[in-house]
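requesting a structural model of the entry that follows:
(chains A and B)
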Number of protein chains: 2
Amino acid sequence: MDIVIGIDIGGTQTKMGLVDQNGECHDKIIFRTKDYPDLDKYLDKIKETSEELIKNFGKPVNVLGCGIGAPNASSKNGTIENASNLAWKGSVPLVEKLKQRMDMPTRIMNDASAAALGEMLFGCAKNMTDFIVITLGTGFGAGIVANGRLIDGFDGFAGELGHVDMTMGDGRLTGLGVRGGLEAYVSATGLKRTIMYMQSKYLTESRFRSIAYNDLHGEDITKAAEEGDEIALMAFDYTARIMAQALANFTAFTQPEAFILMGGLTNSGKWIMDPLKEYFEKFLLQVYKGKVKLILSGMEGKTAAICGAAALIWENHKNQPN
Amino acid sequence: MDIVIGIDIGGTQTKMGLVDQNGECHDKIIFRTKDYPDLDKYLDKIKETSEELIKNFGKPVNVLGCGIGAPNASSKNGTIENASNLAWKGSVPLVEKLKQRMDMPTRIMNDASAAALGEMLFGCAKNMTDFIVITLGTGFGAGIVANGRLIDGFDGFAGELGHVDMTMGDGRLTGLGVRGGLEAYVSATGLKRTIMYMQSKYLTESRFRSIAYNDLHGEDITKAAEEGDEIALMAFDYTARIMAQALANFTAFTQPEAFILMGGLTNSGKWIMDPLKEYFEKFLLQVYKGKVKLILSGMEGKTAAICGAAALIWENHKNQPN
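Numbering: from 1, shown residues only, chains lettered A, B, ... in the order given. Next up is the predicted model:
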């Protein structure tokens, strides 16, 4: 049976699994990225874990390769570069070093781009040639597909849309120091910041008056909205409005058929999606109105990133008979 | 000799010429678009003019097809849709109707996208796979190439970047009613509006205090800058700053190797380009700094649009022997 090793490298956790041609993730092992500040020991751990997954699988497998999704990855260079939430600094030649340990086809890509490939091969973008995946977690990530191909950019750093300035240089700072950058508003973190902002702007009573920023979680905000907390409701409306403006702007760029949304912020369901859809349709240029879908990713949350990473290898095999 | 008929449809003028495989435009005929508010009569005029060009050419020609650049054109539908500066209203099936008169391969495309194809086949983007052409005339147009292919979008309306909102819904109105839309700031018209704005904001003496908006021309502003007029200098700086922010944002989208600039505003030369380059490098995300070129189109101004239009047909022949 043909199989691909999928690896999702996150700041906190690394998730690995074996992914078949249907995008099903068999078995899964998670370990803490932060336990391996030394890159060589981290790569040894990847190798061990791969062997463990294959051993556990039960049936004989033919490993086609290894696909990796990671923040700040360049697919063209095979590197991770200056990732702010990883311990390995500078330009890390991850693909080259991993191939010294595991001799097989190996590719790396920005995690949101990998997610886009995953949606195209296994998810709700199977028949689409023009779409954009938006990941709304700690930050704001984007994987852009046009003409049926992922957009890499000149040296592999396309899609850094979280750092697009929405305010002509006047606004919140992102982690990369961009004033007015989108992810300072539209992300799980951005929503928390907006809860603070609404408390600064209004005197409205709210459960958040007694919760500190560091104790604030996305689920609390959803729950507060369900209870009619006005600060929560205003924060969702504010977030949805800015996100709608951003997606309307992005539509003018590649005119996607759909935006596919995933990540922590989407767990807030209708509280973000309802105002988002309304504002989005309002902000779209006439020529785009009614043509662009906003959909939630159908891929199973906990393995979506692994499957996306595995898609980097599967896309080279998809037209071949098994 | 193989030849392509190139047609540039503008609000004021229609320009037609015969373009060879090297992108050279032989002969050229210009007539007023506004003289033909009736579409059928306009298309008859196109047919007549084509025959005239071929007759004038002197040598026997093999016409490969007809390429058209026009505002608000959909390459996928072969139509012009709701163009605000053309007399023909609604959705105009231009390709279908023209083929009834001239039986040959015929394609139409947004004028800025056609310009991008022209740069790729004949101009300064010959060896580039990722670049963006920006046209700065009455409006702001964009033709986006990624992975070596033009981005059309889901139904052919990608690249409407003049209507991207830069201000979170607070700012100047574009002709299409977009608040804070880019082309209200960055275009030949935008520069004129900024001359008005600077007169509102400051009391500084200026030659523009005695020139009405309708009498104001781009050349005057360049000339005033050369003479040290402070309002003109501030207007160029303001325009360049917003344009730099926009191009830095666009870089995060497809990470182009270069932006290729053309159109009326670029005639202001260093007055726009010097501050633009400085702000652009400053606003770029760290990962892009020093990697993105800003260049002026090398294609001869008066025939660039005709050659771009002809490129729609030539791109299907470029790899074939003659």
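
what residues does the stretch 101-250 of chain A put near chain B?
A:129-130, A:144, A:146-147, A:149, A:151-161, A:163-169, A:176, A:178, A:242, A:245, A:248-250 (CB under 8 Å from any CB of the partner chain). Backbone N, C-alpha and C define where each C-beta goes, glycine included.

what is the spatially most central residue of chain A paired to in the beta sheet?
Central residue of chain A (CA atoms, centre = their mean): A:T135, 3.5 Å from the mean position. When assigned by DSSP bridges, A:T135 has beta-bridge partners A:G141, A:M262.

what sits against the closest residue to A:F253 other than its chain neighbours?
Excluding its sequence neighbours, the residue lying closest to A:F253 (CB to CB, 6 or more residues apart in numbering or on different chains) is B:F253, at 5.5 Å. Taking CB atoms under 8 Å, 6 or more residues apart in numbering or on different chains as the criterion, B:F253 is in contact with A:144, A:151, A:158-159, A:161, A:164, A:250, A:253-254.

quick check: the farthest pair among those?
Using CB to CB, the two most remote members of these are A:I151 and A:V164, lying 14.9 Å apart.

go ahead and confirm A:W88 touches A:L39.
Yes - assessed by CB atoms under 8 Å, A:W88 is found in contact with A:L39 at 4.9 Å.

for the residue in chain A sticking out farthest from the centre, grab phi and psi.
The centre of chain A is farthest from one residue, A:L203, which by CA atoms, centre = their mean lies 35.1 Å away. Here is the backbone geometry of A:L203 (degrees, to the nearest 10): phi -100, psi 0.

now swap in A:P37 and tell me
Torsion angles, degrees, to the nearest 10, at A:P37: phi -60, psi -20.

circling back: from A:A115, how far out is the residue nearest to the centre of chain A?
Applying CB to CB, to the nearest Å, the value for A:T135 to A:A115 is 6 Å.

shared neighbours of the two, anything?
A:141, A:143, A:262.

pick out whichever of those residues sits closest to B:I30.
A:G143 (45.0 Å).

could you pull out the helices for the stretch 101-250 of chain A?
For the stretch 101-250 of chain A, applying DSSP state H, counting those that start in this stretch gives helices covering A:111-122, A:188-201, A:218-226, A:230-254.

redo those helices as JSON lines? Include mean pLDDT.
Converted to JSON lines, these look like this (pLDDT from 0 to 100):
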{"stretch": "helix A:111-122", "mean pLDDT": "93"}
{"stretch": "helix A:188-201", "mean pLDDT": "95"}
{"stretch": "helix A:218-226", "mean pLDDT": "95"}
{"stretch": "helix A:230-254", "mean pLDDT": "97"}
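
highest mean neighbour count out of these?
helix A:111-122 (a mean of 28; mean count of other CB atoms under 10 Å in any protein chain shown).

same for that helix, what does it pack against?
Identification of packing neighbours for helix A:111-122 by 3 or more CB pairs under 8 Å, 6 or more residues apart in numbering or on different chains; DSSP states H and E yields strand A:2-9, strand A:62-70, strand A:131-136, strand A:140-146, strand A:149-150, strand A:258-262, helix A:301-314.

the same query, at a cut-off of 7 Å, please.
Packing partners of helix A:111-122 (3 or more CB pairs under 7 Å, 6 or more residues apart in numbering or on different chains; DSSP states H and E): strand A:62-70, strand A:131-136, strand A:140-146, strand A:149-150, helix A:301-314.

how about these in TSV, adding distance to A:V4?
Below are these laid out as TSV (distance: least, CB to CB, whole Å):
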stretch	distance to A:V4
strand A:62-70	5
strand A:131-136	19
strand A:140-146	18
strand A:149-150	17
helix A:301-314	4
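
between these, which one is closest to B:F31.
So among the helices and strands packed on helix A:111-122, strand A:140-146 is nearest, using CB to CB, at 36.1 Å.

and that closest one, C-alpha only, in CSV?
Taking C-alpha atoms only, strand A:140-146 is exported to CSV below (Å, rounded to 0.1, in the frame of the first residue of the first chain):
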residue,chain,number,x,y,z
PHE,A,140,-3.5,34.8,9.8
GLY,A,141,-2.2,32.5,7.0
ALA,A,142,-3.2,32.2,3.4
GLY,A,143,-2.7,29.5,0.7
ILE,A,144,-3.5,30.8,-2.8
VAL,A,145,-4.4,28.7,-5.8
ALA,A,146,-4.9,30.2,-9.2
